[in-house]
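>>> Structural data only, the sequence is not supplied:
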């Protein structure tokens, strides 16, 4: 049963990585940029939920919705102010700006909320579900996390495959010039992508802090980097890739912690990433880009 | 007059690509811009559709100035641009590509337009669920043209529709152009295949290094000795 426990923790952690990785991969797919501030949006989402629930005693659902609303606005504002002016700039400039935004958000959080850790109380309580006559117990947080990830994955797949906006996003990610010739407003499509990615980051923040309750201004940075790795692992730009990459990364991390060494777990994760990229440079589900002349 | 381009100058950084070009397209006409590679033909179309900006002059469509109108708003005014190299969305299905062509149209009319385009291009109907990247070059060109027609344009701009196609497919594409013209579509056609272009065009302009060197009816140009020597191979 310990194996099953590890497996569930792995899937649960992987689900959080997957939800964050979806934001990375969608933004990369459409804006062709790595938004390194994405991890810090997670942290902001967690703080908003923390204050709503612990300080103002609002119901957890309201806390989650407030976090999503604030992060959506934050994502759109950051894109407008920091990235949009650089649409034609070299990608290195955009990358450095994204790192700058990341520091800005972390330091802003320190200023507003102090660096002292806050203890986040889980939005679904601390109860556990007993299975197999109590041999296996699963926390509500784990169940909620896994279910959320599946629901988000299905909803996003439906959105990009069946709605006008979703199809426009795919068109923009493939060829912005041609998309404009169709009458698609590329700038507002990019805004919508940032909005969706940031709302997902808020959900990920709440789930992350429900499972690991210490909340500090740098809470989002390590999961952000791991999720970025997951997105690359699965094939950056690919939505199913982010899902698969996130889940695998979470499971590898937990199994490495359990069976190899707690200290070495991150090293194992990144070693696997390097091997995958050596064998499949575009990631597990990434498309090989072939230029047609 | 449908389209009036007046003294446009377009730059790529320091390179002066279009030098004071003026021309016009009347309703119901096929007008062709011909010229060698790099003469500026595509640049002119990209400027009309708003992807590039002119430093001077004006572009008027149905009496309304297009200067300063962003590219994604120009389709709504009735100009469809089928770009060079087709640029269909390779990872999307044929039908999704066509739906994107009707992006600015109200959803209610899309099904009708889809039927009309499928009538014009039966091959696309057979392959409606197929991903565009798996189509042949000729089919991709048909898809690009069909996608342009989905916006129900008043003016259809075609950039090098014959590029990279086998001779038999080139003939097919030009038959389609002629039939669209017969059905009343106004067409601005950019071509390197001057012989084919002049055979369908009412009027033509010859472009040389960013300037209009010559203009006339399709017949006049096809019979001109200069054109024969420079573009029609003797």
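Looks like it came in fine. The structure presented is a predicted model; accordingly, all values stated were derived computationally and were not measured. Numbering: from 1, shown residues only, chains lettered A, B, ... in the order given.
>>> quick one: low-confidence ranges for chain A?
A:1, A:288-293 (pLDDT under 70).
>>> who touches the spatially most central residue of chain B in this structure?
Centre of chain B computed as the mean C-alpha position; nearest residue by CA atoms, centre = their mean is residue B:158, 1.6 Å away. Listed by CB atoms under 8 Å, 6 or more residues apart in numbering or on different chains, the contact set of residue B:158 reads B:82, B:145, B:148, B:177, B:187, B:188, B:189, B:190. No exception for glycine: its C-beta is placed from N, CA and C like everyone else's.
>>> if you set the cut-off to 10 Å instead, what comes out?
Listed by CB atoms under 10 Å, 6 or more residues apart in numbering or on different chains, the contact partners of residue B:158 are B:30, B:32, B:45, B:80-84, B:141, B:144-145, B:148, B:173, B:177, B:180, B:187-191, B:197.
>>> Okay, strands next: where are they in the stretch 51-200 of chain A?
Assigned by DSSP state E, counting those that start in this stretch, the stretch 51-200 of chain A shows strands spanning A:118-119, A:128-131, A:136-139.
>>> typo on my end, it should be chain B
B:3-12, B:15-25, B:30-35, B:58-61, B:64-65, B:79-82, B:155-159, B:186-191, B:203-208, B:211-217 (DSSP state E).
>>> For the fourth one, name the packing helices and strands.
Yep, that's strand B:58-61 we're talking about. strand B:3-12, strand B:15-25, helix B:41-48, helix B:71-77 (3 or more CB pairs under 10 Å, 6 or more residues apart in numbering or on different chains; DSSP states H and E).
>>> Okay, buried residues for that strand please.
B:59, B:60, B:61 (16 or more other CB atoms under 10 Å in any protein chain shown).
>>> ok, now the last one?
Residues of strand B:211-217 classed as buried: B:212, B:214, B:215, B:216 (neighbour count, 16+ other CB under 10 Å).
>>> Now tell me what touches that strand from outside.
By CB under 10 Å, 6+ apart, strand B:211-217 touches B:18-23, B:31, B:33-35, B:39-40, B:44, B:198, B:201-208, B:220-224, B:226-227, B:230.
>>> if we go to 8 Å?
B:19-23, B:202-207, B:221, B:224, B:226-227.
>>> And for residue A:108, the neighbour number?
By the measure other CB atoms under 10 Å in any protein chain shown, the count of residues near residue A:108 is 13.
>>> And it, how far from residue B:137?
As for residue A:108, its distance to residue B:137 is 53 Å (criterion: CB to CB, to the nearest Å).
>>> likewise residue B:195?
In terms of CB to CB, residue B:195 sits 20 Å off from residue B:137.
>>> can you check residue B:218 too?
When CB to CB is applied, the distance between residue B:218 and residue B:137 equals 26 Å.
>>> Which of the two has more residues huddled nearby?
The residue with more neighbours, out of residue B:218 and residue B:137, is residue B:218; 18 against 14, by other CB under 10 Å.
>>> Surely residue A:193 and residue A:169 touch.
Yes - counting by CB atoms under 8 Å, residue A:169 is a contact partner of residue A:193 at 6.1 Å.
>>> residues bridging contact with the two, i.e. touching both?
Common contact partners of residue A:193 and residue A:169 (CB under 8 Å, 6+ apart): A:26, A:29, A:30.
>>> check these against chain B, which are close?
Near chain B, taking CB under 8 Å from any CB of the partner chain as the test, no member of these is found.
>>> quick one: which of these is nearest residue A:282?
Within the shared contacts of residue A:193 and residue A:169, proximity to residue A:282 (CB to CB) peaks at residue A:29, which comes in at 13.2 Å.
>>> The closest one: what's it in contact with?
A:169, A:173, A:193, A:236, A:237, A:238 are the contacts of residue A:29 under CB under 8 Å, 6+ apart.
>>> Now flag whichever of those is closest to chain B.
Among these, residue A:173 lies closest to chain B (CB to the nearest CB), at 8.7 Å.
>>> ok, the closest one to residue A:25 distance?
Here residue A:173 is placed at a distance of 10 Å from residue A:25 (CB to CB).
>>> One more: residue A:174?
Distance of residue A:174 to residue A:25, given as CB to CB: 15 Å.
>>> out of those two, which sits in the more crowded spot?
The residue with more neighbours, out of residue A:174 and residue A:25, is residue A:25; 31 against 19, by other CB under 10 Å.
>>> So that one is in contact with residue A:229, correct?
No - Residue A:25 is not in contact with residue A:229 according to CB under 8 Å; the separation is 11.8 Å.
>>> gap between the residue in the stretch 51-200 of chain A positioned nearest to chain B and residue B:70?
For the stretch 51-200 of chain A and chain B, the shortest gap (CB to the nearest CB) falls at residue A:183, measuring 3.7 Å. Distance of residue A:183 to residue B:70, computed by CB to CB: 10 Å.
>>> and the two? which has more neighbours close in?
residue A:183 (22 against 12).
>>> Any chance you could list what contacts the worst-scoring helix or strand of chain B on mean pLDDT?
Least confident helix or strand, chain B: helix B:225-231 with a mean of 81, by mean pLDDT, DSSP states H and E. Applying CB under 8 Å, 6+ apart, the external contacts of helix B:225-231 come out as B:34, B:35, B:36, B:194, B:195, B:198, B:206, B:214, B:221, B:234.
>>> Just give me the closest of those residues to chain A.
Looking across these and measuring by CB to the nearest CB, the closest to chain A is residue B:36, at 19.4 Å.
>>> show me the residues around the closest one that make contact.
Counting by CB under 8 Å, 6+ apart, residue B:36 makes contact with B:192, B:208, B:231.
>>> again with residue A:43
So residue A:43 contacts A:105, A:106, A:109, A:205, A:215, A:217, A:218, A:219, A:220, A:221 (CB under 8 Å, 6+ apart).
>>> Residue B:22 too?
By CB under 8 Å, 6+ apart, the neighbours of residue B:22 are B:5, B:6, B:7, B:8, B:57, B:212.
>>> ok, now how distant is the closest residue to the third one other than its chain neighbours from residue B:8?
Pointing back at residue B:7 there. Leaving aside its chain neighbours, residue B:7 sits nearest to residue B:57 (3.6 Å; criterion: CB to CB, 6 or more residues apart in numbering or on different chains). Relative to residue B:8, residue B:57 is positioned 4 Å away (CB to CB).
>>> measure residue B:138 to chain A for me?
Taking CB to the nearest CB, to the nearest Å as the measure, residue B:138 falls 15 Å from chain A.
>>> Hmm, that residue is touching residue B:167, no?
No - assessed by CB under 8 Å, residue B:138 is found out of contact with residue B:167, at 11.1 Å.
>>> Spell out which residues of chain B are next to chain A.
B:49-51, B:70-73, B:75-76, B:80-81, B:83, B:85, B:87-92, B:96, B:99-101, B:103-104, B:107, B:147, B:151.
>>> that older thread, tell me who's in contact with the residue nearest to residue B:7.
Applying CB under 8 Å, 6+ apart to residue B:57 gives the contacts B:5, B:6, B:7, B:8, B:9, B:20, B:22.
>>> does the fourth one really touch residue B:47, like I thought?
When you say that, I think you mean residue B:8. Yes - counting by CB under 8 Å, residue B:47 is a contact partner of residue B:8 at 6.0 Å.
>>> residues in chain A within reach of chain B, list them.
Residues of chain A lying near chain B (CB under 8 Å from any CB): A:164, A:167-168, A:170-171, A:174-175, A:177-186, A:287, A:292.
>>> Fine by me, we can end here.
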